[in-house]
Structures are given as structure tokens and as C-alpha cells.
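Novice: Prediction below, plus the sequence it came from.
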Protein chains: 2
Amino acid sequence: MMTDLERKRLLYKIARAYYDDSLTQQQIGDRFGLSRVKVSRLLREAREDKVVQIMIASPLGSNADLERHLEDAYELKEAIVVTCSSLKTGVIVNELGRVGAACLARCLQGHEVVALSWGTAVLSVVNALPSLDLPDVRVVQFLGGLGEVEAETHGAELARRMAQALGAKPRLIQAPGIVKDKVIHDALVTDPQVTDTLELAARADVALVGIGVFEPGSTLLSSGSTLTAAEIKELKANGVTGDIALQFFDADGRKVDHPINERIVGTDLERIKGIKRVIAVAGGAEKRSAIRAALRGRLINVLVTDDHTAKWLLE
Amino acid sequence: MMTDLERKRLLYKIARAYYDDSLTQQQIGDRFGLSRVKVSRLLREAREDKVVQIMIASPLGSNADLERHLEDAYELKEAIVVTCSSLKTGVIVNELGRVGAACLARCLQGHEVVALSWGTAVLSVVNALPSLDLPDVRVVQFLGGLGEVEAETHGAELARRMAQALGAKPRLIQAPGIVKDKVIHDALVTDPQVTDTLELAARADVALVGIGVFEPGSTLLSSGSTLTAAEIKELKANGVTGDIALQFFDADGRKVDHPINERIVGTDLERIKGIKRVIAVAGGAEKRSAIRAALRGRLINVLVTDDHTAKWLLE
DNA sequence: TTCATTACTGAACATATGTACACAATGACG
DNA sequence: CGTCATTGTGTACATATGTTCAGTAATGAA
């Protein structure tokens, strides 16, 4: 009753009217004597039959493909791949910080709780943050302070500065990140100031984290830290590939059980995983395996990294 | 605060998520940390900036361009241009009938009033009509019968056959289309059977008409008709270029006032113009000027014609 | 400094769109 | 000649979308 050509012709006309002339389906129906529902179905058919083709131009100089593949491969909400001008860790971290900051700022609307870990990657994001005025936003530490108290990579300092940049309220943890033994840990955890803050962090809307590794140059090792060489060796022997906010995980991103966990004043990995938007900023060859582990374990859902690392993560 | 490349990248991602992955704007918002409204605006921006391009493939072998230009030039709801295999009037009319029938059938839903004129073009549509079952549709004549009563181009016969094909109810006008003088006309018009039917025709949802000309071969002239050669000559002298259902119009499609109008038992041109969907089926070189006149006067809003005529109408 | 202008925002609303459903028509197959 | 699956239909509804609006920040001119 309707030849193939006639049908195609109709599909063409309707598609044209809809997409080019932006008529509503109702208007198209009135015009061609069809019910609105039929127009809807014909439009679907036109898309399916490729009478309508929608092309999306990937911006030049972006790594759109890499990003998309990463998103698909690791179920990320978003991957941002930056083409870095150098392979030096310092340069990479700096450039990642810029886009990480934009990515973080983009999703702040005014009433969020933002949790953060510590480290150079987080620092570079904080440094690149635009100054905003979000008085109802709260910036919370994921874990107690680490590193030299005066250093700018110190957790409390980072949280304070981020809050300042955002015009937001900081919520600090007045305790170290690692304590000597379980007794001290348990004592600290009875302090409502500490527990309330950790509770708030666990319920954060957005998290900004780095990914830690036990490699020679890492901040954790060089920060005159409370973690001894022996302890680190033992953690590695237990399969620890990396950490996020001192929550240690293996090559598949699974939490590694170890007594040292009982000395960490911080937010449990499972609770971090439950946060809607966990933005990890990490790049450079040293971190590859740890990043892959975090991705495999679905510990994060937004990754900001460099192009070399991205390629490696996909091979 | 957001570089141009970052913005483009965002547009790309959002466009991709929307058009390729068919996420809703809400889902995209949740994923990228944006409000739904913002996603809506970014998508618009992506279309405007040609990050998203929508291409519609015109079916091969169709005259999509011609049709579109006709629609634009004459404010048509639809133009259908058929590439005819011959220039012979008979062949053209036949092929137009096929697509005209599809076009008519397409817009019948079940409760319409369909009005029709007469002539070979209308006949060929009626012949090509699929058989349907639309008991609540009514088929009404625009004007009294014309031509030999037994001939299949006769108005009443056409209406009857169309009604039969559609499984619909015919509503015939038991009177001639042209009468001898105004007295007879006025007498007929007091007959409620006639006036009610004409009233119904004027309120039709869809109309199917041919376009008449006073050329040597035309049906009107050769039908041993009630219109004398002298009358025709006079009409032409008055600027009549063509007719639709015996409503005469000039080269601009304006009604031509002439005493002969008072002898026509039919529906006034203005009322025909008011019908939502007036489908004209007409082609061939002889009818060019008349078709153009009807188009100029916006007397019809759907035109089914051949490619040669279409080109001529656009030059 | 002040003030006007502009650009952005999300909430609330009005529209537009997709889809589940019931129902009718068709055609294949026993 | 049923009867079963298939196809196609519009209605009614749930959802998705675009847009107006009022409020607020950013910008720039006086």
C-alpha cells in the first residue's frame, strides 16, 4: 500500500521538518495528516534506518577517544585525559591540577560536602581552584593530618586552603592520620569531633583524591612519615598496590586487610566507594599500576590523568 | 575560568552521551555534576556551534529538493514530485494518481469528511485507492454532477467509488454542476439536501481536487458540456486561468467575478481555501499556468505533480 | 565610588516526547 | 475455517524537555 520509496520520502520529509525546521511532532502530524504518535515512531525509524545521521565532532587536540574508552572500560562517570608537555612528574601533576580544578568547580552548585585526601596531586588542584563564594559548601578531610604539619601538602592545610578558595567552611580533623597503635586510634575515635567529621566525609557529595604508591619518590615515604620502611615492605608483601587516603588496596582494587588499618584515622574504603563522585587526579608512569588497581576496584569514578597513562591503562 | 578547549570537550562529551548513548539530560547532569537545565543549554550550544551535526539523507530517486523548494515557495504543507516515465498526459495522470492515493489514504484516520471535485486526475486517484474500512468517513462532492451521467469521470460516480474503496459513506449532490440560469440555481439551492451537502463539503477535513484549464484537450470542453464555446471564450477574456471544482480564478489565483458563477451549484472558492488539507493532483505542460495560479492564490496546500511541471513552477 | 548593563543560574512551569496498553486488522498455518 | 502470532493503531499516561522568570554575580562606564 506504500512503496519503499514513498516511505523513505516520508521519513525524509518528517526528519527534515523535525531536525532542520524544528517543528514539533504535533505540527508535523498536522501538516502531513499523521497522528503525533506516528510521527514519533517514524522519526525513530528514520534514525534507525540512518535516514537521519547525527555526527558529533570531537574537538581537535582533545583525547576524546581515549577518554571514551576509559569511561567504557572502567565504568567511569568521566575520564579527562590531558596531553602533557613533558613526562616529568612535576609538570604532569601541575597540568592535571588545572583541569581537575575545573572539573571539581563545575560540579559545585552551592550545598555540597567536598571531601579530600592529601598529596601533591590534590595540592595542585587546590592551587588551580578559581575563587568562588559558596558559603554553604563544606570542605572535609578524609583522614587525619599527614606529613609535616607546616608543609602545604598537609591535609589540614589543603582543606583550609580549598575552603578559602571556594568561600566555603572547612571541617578539619584534629588528629594525625596514622597513630602509633590501636589504643591511641580507639581513643581518638571516641572523640565526637573526630568521628563526626569522619562521618561527614563519608557522606560527602564529591571527593577529590590522589592515588598513592610506595615508589621511591612518593610523598608518603619522603615525608618523614610515621610509616616505617619495614611496615611499607610488609604492606607490599601483602599485595598492596596503592592507596587512596591511606586506604590500602591490592592490584584489583580490593581492600587489603592488615593490622596497620587499625592505626589509620580515616574513612573506610567502602565508604569512599559509596560517594557519588570520586575524582582522582593522578598521572605519571610510577602511578600506573595503582591507578589501574583503583579503576578495577571501581574505587573512583572520575579520573584526571595524562595521555601516556591513559594509553597504558587501555592496552 | 574554563578554557575554550575544555568547554568544547564538555560539549562533545555531553553531546555524545545524549545523542549516541541516549542518556536523558537528567542522567547526564548527574554524571557530570551539572544541573539538567545547564545540560539542556549546553546541548543547544553544541548544536549551534556545529559540534553536533544532524544530516538527513535524501532518498535516491526522489525529488526531495524540488519538493522542498515548492513547499517553501508556495507555503505548501506538502509537495510531492513524481518523476514520470513519459510526457504524455495520460501516463502522468496515472502515475500521479498512485502517489496521490497514498497521500490521501495516509491522512485518513477514521472520522474525516473528504470532499472531492471531478476530472481525470481525481479519477486516477480514486482508481489507485487501497481498499479500507472507514465506516465513519464521509465522502462528499464539492459540486453538482458534470459530464455524462454514465461516465466514470462524473462527480457522483467518483464520489460513490471513492466511498466504496474507503468503506465510507458517500454524500452525493443530486443536481448538475452548472445550470441554465440563476433561477434554477436558486431553486436548487433552497433544497436542503443540496445545501446541507454543500455545507458539509465546505467543512471537509480533506479535499481532493484537480485543476482545470480551458485548453483544447480538457475534459470540461470535451464533455459535451453545459458550458458553450462562447462562454468559455468570455471567461478567458475575463482573465480566467483555471478552475478548481468550477470555481474560476485568474493568474494570481484570485476568484474571478462573472455572472456564470451564479449558475454553479458548488462550493465557493473561499470556503475551499479554508479547508485544512486541499490536495491537488495535476501535471503536464497544459496545466502549468493554472497550477501556478492556484499556488499563488494559496488555493491548495498539497500538490502532487510531475518533475517537469515542478521545475517550471520554480523557475 | 556608583550605577547600569550584561551574563548566568536554577526553580517552576508549560510543552513536547516516549511508551505501555488495549484493541483491531492481517496473514500464516494447522 | 479457525486460531495464532504479527503488525499496526491511537489513547492515556509518565517522563523528558524547553522556557520564562526572578534573583545574583560579573563587568564596565561614568
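Specialist: Arrived safely, thanks for sending. Since the model is a prediction, treat every value here as computed from it, not as a measurement.
Novice: Now A:Ser131: closest residue in space that isn't a chain neighbour?
Specialist: The shortest distance from A:Ser131 to any residue that is not its chain neighbour, by C-beta to C-beta, 6 or more residues apart in numbering or on different chains, is 5.4 Å, and that residue is A:Ala165. C-beta here means a position set from N, CA and C on the backbone, and glycine is covered the same way.
Novice: part of a strand, is that neighbour?
Specialist: No. Secondary structure of A:Ala165 (DSSP: H, G, I helix; E, B strand; the rest coil): helix, not part of a strand.
Novice: what sits against the residue in the stretch 51-200 of chain A positioned nearest to chain B?
Specialist: Here the residue of the stretch 51-200 of chain A nearest chain B is A:Cys107; by C-beta to the nearest C-beta that distance is 2.3 Å. Contact criterion C-beta atoms under 8 Å, 6 or more residues apart in numbering or on different chains gives A:206, A:277, B:32-34 as the residues in contact with A:Cys107.
Novice: Kindly indicate which of those lies nearest DNA strand C.
Specialist: Using C-beta to the nearest atom of the strand, the shortest approach to DNA strand C within the contacts of A:Cys107 belongs to B:Leu34, at 6.8 Å.
Novice: Just put the contacts of A:Cys107 in TSV and tack on pLDDT, distance to DNA strand C and secondary structure.
Specialist: What follows is those, written out as TSV (pLDDT from 0 to 100; distance: C-beta to the nearest atom of the strand, whole Å; DSSP: H, G, I helix; E, B strand; the rest coil):
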residue	pLDDT	distance to DNA strand C	secondary structure
A:Val206	92	14	strand
A:Arg277	92	15	strand
B:Phe32	92	12	helix
B:Gly33	90	9	coil
B:Leu34	92	7	coil
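Novice: Drop anything exposed from the residues you listed.
Specialist: Burial by neighbour count, judged by 16 or more other C-beta atoms under 10 Å in any protein chain shown, picks out A:206, A:277, B:32-34 from those.
Novice: next structured bit after the helix or strand bottoming out on mean pLDDT in chain A?
Specialist: The helix or strand with the lowest mean pLDDT-type score in chain A, counting by mean pLDDT, DSSP states H and E, is helix A:219-222 (a mean of 57). Sequence order places helix A:229-237 as the next helix or strand after helix A:219-222, per DSSP states H and E.
Novice: Next, the buried residues of that following helix.
Specialist: Of the residues in helix A:229-237, those buried (16+ other C-beta under 10 Å) are A:231-232, A:235.
Novice: Now that helix - C-alpha only, CSV.
Specialist: The C-alpha coordinates for helix A:229-237 follow below in CSV (Å, rounded to 0.1, in the frame of the first residue of the first chain):
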residue,chain,number,x,y,z
ALA,A,229,60.4,1.2,55.8
ALA,A,230,59.7,-2.1,57.4
GLU,A,231,56.0,-1.5,57.5
ILE,A,232,55.9,-0.5,53.9
LYS,A,233,57.8,-3.5,52.9
GLU,A,234,55.3,-5.6,54.7
LEU,A,235,52.4,-3.9,53.1
LYS,A,236,53.9,-4.5,49.7
ALA,A,237,54.4,-8.1,50.7
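Novice: Follow the chain on from that helix and name the next helix or strand.
Specialist: Following the chain from helix A:229-237 toward its C-terminal end, the next helix or strand by DSSP H and E is strand A:242-244.
Novice: Follow the chain on from that following strand and name the next helix or strand.
Specialist: Where DSSP H and E defines the elements, the next helix or strand beyond strand A:242-244 is strand A:247-249.
Novice: sorry, back to before: between the buried ones among the contacts of A:Cys107, which is nearest DNA strand D?
Specialist: Proximity of the buried ones among the contacts of A:Cys107 to DNA strand D was ranked by C-beta to the nearest atom of the strand; the top entry is B:Leu34 with 12.5 Å.
Novice: hang on, the closest one packs against A:Arg106?
Specialist: Yes. Counting by C-beta atoms under 8 Å, B:Leu34 sits close enough to A:Arg106 to count as a contact (6.9 Å).
Novice: which residue ranges form the strands in the stretch 151-300 of chain A?
Specialist: For the stretch 151-300 of chain A, strands defined by DSSP state E, counting those that start in this stretch occupy the ranges A:169-171, A:206-209, A:242-244, A:247-249, A:277-281.
Novice: In a markdown table, list those along with distance to chain B.
Specialist: Shown next, in a markdown table, are those (distance: least, C-beta to the nearest C-beta, whole Å):
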| stretch | distance to chain B |
| --- | --- |
| strand A:169-171 | 20 |
| strand A:206-209 | 7 |
| strand A:242-244 | 20 |
| strand A:247-249 | 23 |
| strand A:277-281 | 6 |
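Novice: out of those, deepest packed?
Specialist: Neighbour counts (mean count of other C-beta atoms under 10 Å in any protein chain shown) averaged over each of the strands of the stretch 151-300 of chain A peak at strand A:242-244, with a mean of 29.
Novice: what's the offset of that one from the middle of its chain?
Specialist: 14 Å (C-alpha atoms, centre = their mean, to the nearest Å).
Novice: And the contacts of it?
Specialist: Contacts of strand A:242-244 from elsewhere in the structure, counted by C-beta under 8 Å, 6+ apart, are A:117, A:209-214, A:220, A:248-249, A:269, A:272, A:280, A:287, A:289-291, A:293-294, A:299-300.
Novice: Go through chain A and flag its longest helix.
Specialist: Of all segments of type helix in chain A, defined using DSSP state H, the longest is helix A:89-106.
Novice: Quickly list what the spatially most central residue of chain A is bridged to.
Specialist: The C-alpha lying nearest the average C-alpha coordinate of chain A belongs to A:Ile279 (C-alpha atoms, centre = their mean; 1.8 Å). Beta bridges link A:Ile279 to A:Leu208, A:Val302, judged by DSSP bridges.
Novice: Quick one: residues contacting it.
Specialist: With C-beta under 8 Å, 6+ apart as the criterion, the residues that contact A:Ile279 are A:100, A:103-104, A:206-209, A:300, A:302-304.
Novice: do A:Val113 as well
Specialist: Taking C-beta under 8 Å, 6+ apart as the contact definition, A:Val113 lies against A:137-138, A:140, A:200-201, A:203-206.
Novice: do the same with A:Gly284
Specialist: If a contact means C-beta under 8 Å, 6+ apart, then A:Gly284 has A:87, A:89, A:92-93, A:306, A:309 as its contacts.
Novice: Pull out the buried members of these.
Specialist: Burial by neighbour count, 16+ other C-beta under 10 Å: within the contacts of A:Gly284 this picks out A:89, A:92-93, A:306, A:309.
Novice: Let's have these in a markdown table, adding pLDDT and distance to DNA strand D.
Specialist: As requested, these are arranged in a markdown table below (pLDDT from 0 to 100; distance: C-beta to the nearest atom of the strand, whole Å):
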| residue | pLDDT | distance to DNA strand D |
| --- | --- | --- |
| A:Thr89 | 85 | 33 |
| A:Ile92 | 89 | 29 |
| A:Val93 | 91 | 27 |
| A:Asp306 | 94 | 30 |
| A:Thr309 | 94 | 34 |
